[in-house]
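> Here is the input, now give the coordinates:
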Amino acid sequence: MAAHSYSVEVQNDFLEKITRAKPIQALAELIWNSLDADATTVDVTTSSNPLGGLEKIVVSDNGTGMNFGEAPELFQKLGGSWKRPGATTGEGRFLHGRDGRGRFKAFALGQVAKWHVTYKKDQGLSTYTITMTMDKIRQVVISDEEAAIEGARTGVTLTVFEPHTGIQAPITDPTLQELTEIFALYLSSYRKVSIIVATRTIDPERAIASRKTMHLADISDEDNTKHPVKLEIIEWNSATNRALYLCNDQGYPLAQVDRRFHVGSYQFSAYLQSPYITKLQGEGLLELAEMRPEVVALLDTAYQSIKNHFRSRAADESRSVVAEWKQENVYPYDGDAETHVEKVERQVFDIVAVNVAHYMPDFATSPTKNKAFNLRLLRHAIEKSPEDLQLIMGEVLNLPKRKQEELASLLRDISLSSIIGAAKIVADRLKFLTGLESLLLDLDTKKRLKERSQLHRILAQNCWLFGEEYNLSVNDQGLTAVLRKHCEILDDGTVIDEPVKHVSKERGIVDLVLSRKIQRYRANDIAYLVIELKAPKVKIDKKEIVQIEEYALSIMQDERFRGGDPSWAYWLISDDYGDYAKFRMINGSGKIYDQGKSSIWIKAWGEIIDENRARLQFFQERLEYEADKGDSLAFLQERYADFLKGVIIDETPDESGVAAENTDDTDDSSSKITTTIEDLDVSASGDGTTSKTGTPATTDTDTGG
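Predicted structure coming up:
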């Protein structure tokens, strides 16, 4: 049989890019190709070589095949495919593919791909082959056609030879489950279609435990056209990867979203369906969908809807079980929970107890005394000892090892009250950051925020912003007080008989001085952070830089600060900085001086807030907490009411219909606060508390200070 060679009209790097895919995704694309050709049966098989390794993967179908005259163009060109969004097959089925990319996914499985095609021609059947190799991916070799043998049927048999290292035969349960998730809605719509993988037929109805459909808010495109959105959640009877798929308006998956779900032990797939997703696919923008703000907002809504659905499921299941226990008088708590701690403690108990009951088939039918005893044991272990909990679940209740570990991890290492306390600290800090960001960056509040009487006093109670290692000990004092505290840290008996001299003026009062003292290989390892704050409306430039450099020089020239060989960092902070500040920065890093053990930095509030958010992100995700701007401003206004008068305006209109506003705009930004922090009590690191070494603010009267 003669053969003809054709060149694919596209660059190698693009072809190689579209051939990269996970094996299961590549296999799914090849199955979709068969379904798009009106196949009613798609059969995936594999064969092994004498050594037991995978030799080839075969995907065969009974579809319409491919006209010989059209084959060169179909394989030569990418784009302009006949599979337009909204189009249907000859049998009226939905078309999945587009742009002719799917066939190249064969090279995600192996080095050589050979299509054996049989199609109807005139009054009979005709057959031919198409061959491509990975190392010559732009070359397509098509044989001459010839009459098909007697008894042949239409369809395509794709054989992938020389499978890539690490690819296994697609016959595992996880592989079947993932293919079931991908084709579930399609197979439910077209009942005559069957997909067989290694002799096992994919049957979504047998695999599905339940289905839930909900309608989300419409999504608007760039033309302000609104598109309806539907979310379908399918729960499975077996383990899965919990995927969220972007689907066209008929519900068929076009892309998978990379998100993790924390919804307990529920096994599910979610299908986000909308004509808007079909539109993105038609415009070739689906692969970049998650970069579009409207899609990100839609995914966030879907993600929250999924979590809410399973929270409701879990709550219903727990409530019904707990209600039965209360009726039987075996529930180990009396009355209603009154405090927040009690409520959370019971929630944790209910989660553990319901899971235990689920994994103990005989629990529901066991005698009442046994139930009551086991539930009391669980309560005791949850309240007192995670180790006891694991022992009880393993040796008394005989739970599976994996479930023991999962439940015991709720309480390991720390007590329930500590969990609640830590959660509250993180939530309060997230609220503080969001509220502070609004105060400092919103045009209305930043122009009213005063440096000394408001911003300084709030930050003096929240020095964790500048690092967890710092604690508050001295407030509103000058350079001499800083020296006094330094000598106190060293405890070397130094007598301070002269004040610290500022290089250019009588008194020098810095805003915040933070320190840490860590016992390491040397007797003392001391680091100081000197912070000069500017009101948000003040832009950092030459005048402000000279000011902090003079503080640094004053400290460097006084040899009494050298005891203990401390390191000194100086931060100059505001919302923005000018051209001179940019000129002084070293490699754009914000650092303007770095010599010996001293460095000077220019910092923007946005940078500091982002750094703190990054530190709290891990806890934020696990608390599933988002700080709302309005709630956060209310939090600041309540906690720091004395410091924020006139900054956050009450939007409630008075009798004249005008919102009330404090008109006191006295500028006190020339006043200073000095704060010293020593890392001797990490537990007092700045949520409105003072360390055990600290004292309240006092005014420094040293004339040289």
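
> so what secondary structure elements neighbour the helix or strand hosting residue 254?
Secondary structure assigned from DSSP states H and E places residue 254 in strand 253-257. For strand 253-257, the packing partners by 3 or more C-beta pairs under 8 Å, 6 or more residues apart in numbering; DSSP states H and E come out as strand 243-247. (Each C-beta comes from the backbone N, C-alpha and C, glycine too.)

> strands paired with the strand it packs on, and their directions?
Strand 243-247 has the following strand partners under DSSP bridges: strand 253-257 (antiparallel), strand 268-273 (parallel).

> closest one to residue 174 among the ones you listed?
strand 268-273 (13.3 Å; C-beta to C-beta).

> Can you list the neighbours in contact with that closest one?
181, 184-185, 229-236, 240, 242-251, 253, 257, 298-299, 302, 306, 310 (C-beta atoms under 8 Å, 6 or more residues apart in numbering).

> what about dumping the CA coordinates of that strand to PDB?
Presented in PDB, the C-alpha positions along strand 268-273 are these (Å, rounded to 0.1, in the frame of the first residue of the first chain):
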ATOM      1  CA  PHE A 268     -17.900  14.200  44.700                       C
ATOM      2  CA  SER A 269     -17.400  15.900  41.400                       C
ATOM      3  CA  ALA A 270     -18.900  19.400  40.600                       C
ATOM      4  CA  TYR A 271     -19.900  20.600  37.200                       C
ATOM      5  CA  LEU A 272     -20.200  24.400  36.600                       C
ATOM      6  CA  GLN A 273     -22.300  24.900  33.500                       C
END
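
> mean confidence score for that strand?
The average pLDDT within strand 268-273 is 91.

> next structured bit after the helix or strand where residue 205 lies?
Assigned by DSSP H and E, residue 205 belongs to helix 204-207. Next along the chain after helix 204-207, taking DSSP H and E as the criterion, comes strand 208-220.

> so what secondary structure elements neighbour the next helix or strand after that following strand?
Next along the chain after strand 208-220, taking DSSP H and E as the criterion, comes strand 226-236. Contact here means 3+ C-beta pairs under 8 Å, 6+ apart; on that basis strand 226-236 packs against helix 173-189, strand 208-220, strand 268-273, helix 275-282, helix 293-328.

> go again using 7 Å as the cut-off
In this structure, strand 226-236 packs against strand 208-220, strand 268-273, helix 293-328, with contacts taken as 3 or more C-beta pairs under 7 Å, 6 or more residues apart in numbering; DSSP states H and E.

> Domain boundaries for the chain, per the record?
Structural domains assigned to the chain are 3-170, 201-312, 336-413, 427-650+676-684, following automatic domain parsing.

> Out of those domains, the one nearest residue 326 is which?
Residue 326 sits nearest to domain 336-413 of all the domains of the chain, at 11.0 Å, using C-beta to C-beta.

> pLDDT (mean, whole number) over that closest one?
Averaging pLDDT along domain 336-413 yields 69.

> Also stretch 456-473?
73.

> what's the answer for stretch 308-318, then?
Mean predicted lDDT for stretch 308-318 stands at 78.

> Now do that stretch: everything it contacts.
With C-beta atoms under 7 Å, 6 or more residues apart in numbering as the test, stretch 308-318 has contacts from 212, 233, 263, 264, 266, 350, 354.

> Tell me the buried residues within those.
Buried members of the contacts of stretch 308-318, scored by 16 or more other C-beta atoms under 10 Å, are 212, 233, 263, 266, 350, 354.

> Perfect, I'm done here.
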